[in-house]
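**Q** Provide a 3D model corresponding to the input given below.
(one chain, ligands or ions: 1)
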Amino acid sequence: MKSTLGLREVKSMAKLITGGTGFVGAELARTLAGRDEKIILFDLFPNRDRLEGIEGKVQIIPGDLKVGAEVFNVVRENQIEGIYHLGSMLSVPSDANPWASFQVNVQGTLQVLEAARLFGVGKVVFASTAGTYGLGTTGAVTDETLQRPITMYGCGKLYCELLGRFYHRKFGLDFRSVRYPSVIGPGVRTPGVAQYNAWMIESAFLEKPFECYVSGETKIPVMYFKDAARCTDMVYRAEKEKIRTMNYNVSGVTPTRTARELEAVVKKHMPGARITYRPQPEVMEFFETLRMEEIDDRRAQEEWGWEPLYSDLERLVADFIEEMRSHPRRYGLATSGS
Ligand SMILES: NC(=O)c1ccc[n+]([C@@H]2O[C@H](COP(=O)([O-])OP(=O)(O)OC[C@H]3O[C@@H](n4cnc5c(N)ncnc54)[C@H](O)[C@@H]3O)[C@@H](O)[C@H]2O)c1
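**A** Prediction:
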C-alpha cells in the first residue's frame, strides 16, 4: 500500500495465533498482549468472552483452517512474522468425525505450513499432544518413546509433527512443537477423557454434585492451561541454536495424581464438595490401553529451560478457583445477573 508521500507503508510485524480464542490460545494471546505484541487471532468460532480484558489489544479474523485461501490470506495481508498454530479439533470430536478431523488438523496444518513457506513467515510453533503416544506405553514416556497413537486425533498430530520436521529440512522453516498432556482449566466444555479433573474442581466451585466417570484410582498426566500457554511462548522464544529436538514433551502436574487425590485437594478448599464415582466401561478401557503415567520432558528442560509453574496440584487448584472467582465471564460461568 502507498502512503501520501508515495513511500511504501511499513506495517509492523504481527504474530498469528490460529485457534486464538480457544482455551489455550486466548491465554497465550493474554501473554503476548502483556508484552504489547501485535496479535492476530484466527478462529472459526471466535469466543470473545475469553478475551476479556485484552479485547482492544488483539485483532480477530474469523476463518477456517480447512479453507486454504483463508489461511493464505490472513498470513499474506497481516505481515505475519510468526505463527502459533493451535487451531484444531480435539480428541473426542476427532474420533466422532475422523474425516473432518483430517481436514482441519492435517490438511489445515499443511495449509499453515505452506502459507509460512510462501509468505516468508520466520517461525511456526505447533500444539501437539501426548496423545501421539499410544500402543505399548507403560510408565513414563520420553522423547524417544515410540509414538503409536490409537486415536484419529493422535494420528493427525503425529503426522503434523513430522510434516513440520520435513518443512524444516526441505525449506528451512523454523518449526517447533510442544506435546501437551491433557490440559485442564476453567470453562472447558469439549468432552475429553481427562476432563473429569477440571470438572471436579469446577462443579465443586459451582456447588454442583459431580459424578466422576473414571475410578478413584485412575490417573493421567495433566497440565494447567497457564503452563500450556507458557511453554508454547517459551519454545517460540527459545534461541534457534538451542532447538535440537524440535518436537518436545512437556510435563505439568508432577507426579501424576489420581482422581481421589484430586478430590482430597478440592475438599481442602471446598469441604462440602459432593463427588461420587461411576466409572464408564469405555473410558476405563481407554485408560487400560493407554498406560501413560508420567511425562519425561528432559529435552525441553535441557534445551530451553522448561519448568512448569503449576507442577504442584495444590497450587493449581488454588489458582483455578481464584480464576473462576475473579473472571466468571471469561470462563463462561457468569450468570446473567453477575
Ligand atoms: N486441551 C487439551 O487437553 C489439549 C491437549 C493436547 C494438545 N492440545 C492442543 O492444543 C491446542 C489448543 O487446544 P485448546 O484446548 O485450546 O482447544 P480449544 O477447542 O479451546 O481451541 C481450539 C480452537 O481452534 C478453533 N478451531 C477449530 N476448528 C477450526 C477451524 N477449522 N478453523 C479455525 N479454527 C478452528 C476452535 O474454534 C477453538 O477456538 C489444539 O491444537 C489442541 O489439539 C490440547
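**Q** how about stretch 64-78 against the ligand, any contact?
**A** Yes: for stretch 64-78, a contact with the ligand is found by C-beta under 6 Å from any ligand atom, at 64-66. Just so you know, the C-beta spots here come from the backbone N, C-alpha and C atoms, and that holds for glycine as well.
**Q** Report pLDDT for residue 6.
**A** Looking at residue 6, its pLDDT stands at 45.
**Q** go on, residue 123?
**A** Value for residue 123, per-residue pLDDT: 98.
**Q** picking that back up, kindly indicate the member of the residues of stretch 64-78 next to the ligand with the most neighbours.
**A** Highest neighbour count within those, by other C-beta atoms under 10 Å: residue 65, with 25 neighbours.
**Q** Once you drop chain neighbours, what's closest to it?
**A** If the residues on either side of it in the chain are set aside, residue 65 comes closest to residue 108, at 3.1 Å by C-beta to C-beta, 6 or more residues apart in numbering.
**Q** contacting residues for that neighbour?
**A** Shown in contact with residue 108 (C-beta atoms under 8 Å, 6 or more residues apart in numbering): 18, 65-66, 71, 87-88.
**Q** what's the average pLDDT for the strand or helix carrying it?
**A** For residue 108, the host element (DSSP states H and E) is helix 108-118. The average of the pLDDT scores along helix 108-118 is 98.
**Q** List the buried residues of that helix.
**A** 108-116 (16 or more other C-beta atoms under 10 Å).
**Q** Pick out the residue of the stretch 1-150 of the chain closest to the ligand.
**A** residue 22 (2.2 Å; C-beta to the nearest ligand atom).
**Q** Can you report how many residues neighbour the nearest residue to that residue once chain neighbours are set aside?
**A** Distances taken as C-beta to C-beta, 6+ apart place residue 86 nearest to residue 22, at 6.3 Å, with adjacent residues excluded. Taking other C-beta under 10 Å as the criterion, the count of residues near residue 86 is 25.
**Q** for residue 260, same thing?
**A** Counted with other C-beta under 10 Å, residues neighbouring residue 260 total 15.
**Q** that's a strand at it, yeah?
**A** No: read with DSSP: H, G, I helix; E, B strand; the rest coil, residue 260 is helix and lies in no strand.
**Q** Name the nearest residue to it, sequence neighbours excluded.
**A** In space, residue 260 is closest to residue 216, 3.7 Å off (C-beta to C-beta, 6+ apart).
**Q** before we move on, what about residue 174?
**A** Closest residue in space to residue 174, ignoring its immediate chain neighbours: residue 123 at 4.3 Å, by C-beta to C-beta, 6+ apart.
**Q** Test my guess that the one you found contacts residue 80.
**A** No: if you go by C-beta atoms under 8 Å, residue 123 and residue 80 don't touch, sitting 10.0 Å apart.
**Q** Which residue of these two possesses the greater neighbour count?
**A** Shown here are residue 123 and residue 80; by other C-beta under 10 Å, residue 80 has more neighbours (22 against 19).
**Q** Report how many residues lie close to the nearest residue to the more buried one once chain neighbours are set aside.
**A** Closest residue to residue 80 apart from its sequence neighbours, by C-beta to C-beta, 6+ apart: residue 16 at 4.7 Å. Look at residue 16: counted by other C-beta under 10 Å, it has 28 neighbours.
**Q** Likewise for residue 274?
**A** Applying other C-beta under 10 Å, we find 12 residues neighbouring residue 274.
**Q** Which pLDDT does the model give it?
**A** pLDDT, residue 274: 98.
**Q** From residue 231, how far off is it?
**A** Residue 274 sits 34 Å away from residue 231, going by C-beta to C-beta, to the nearest Å.
**Q** May I have the residues that are in contact with residue 159?
**A** residue 106.
**Q** Could you tell me the phi and psi values at it?
**A** Main-chain dihedrals, residue 159, degrees, to the nearest 10: phi -60, psi -40.
**Q** Could you do residue 177 as well?
**A** Dihedral angles for residue 177 - degrees, to the nearest 10 - are phi -140, psi 160.
**Q** Contacts only, for it.
**A** Taking C-beta under 8 Å, 6+ apart as the test, what residue 177 contacts is 125-128, 160-161, 164, 235, 246-248.
**Q** what's the farthest-apart pair in the residues you listed?
**A** Using C-beta to C-beta, those reach their maximum pairwise distance at 160 and 235, which is 15.3 Å.
**Q** Counting neighbours, which bits of the lowest-mean-pLDDT helix or strand in the chain end up buried?
**A** Across the helices and strands of the chain, mean pLDDT, DSSP states H and E gives its lowest value to helix 281-289, namely a mean of 88. Neighbour counts over helix 281-289 (16+ other C-beta under 10 Å) mark 283, 286-287 as buried.
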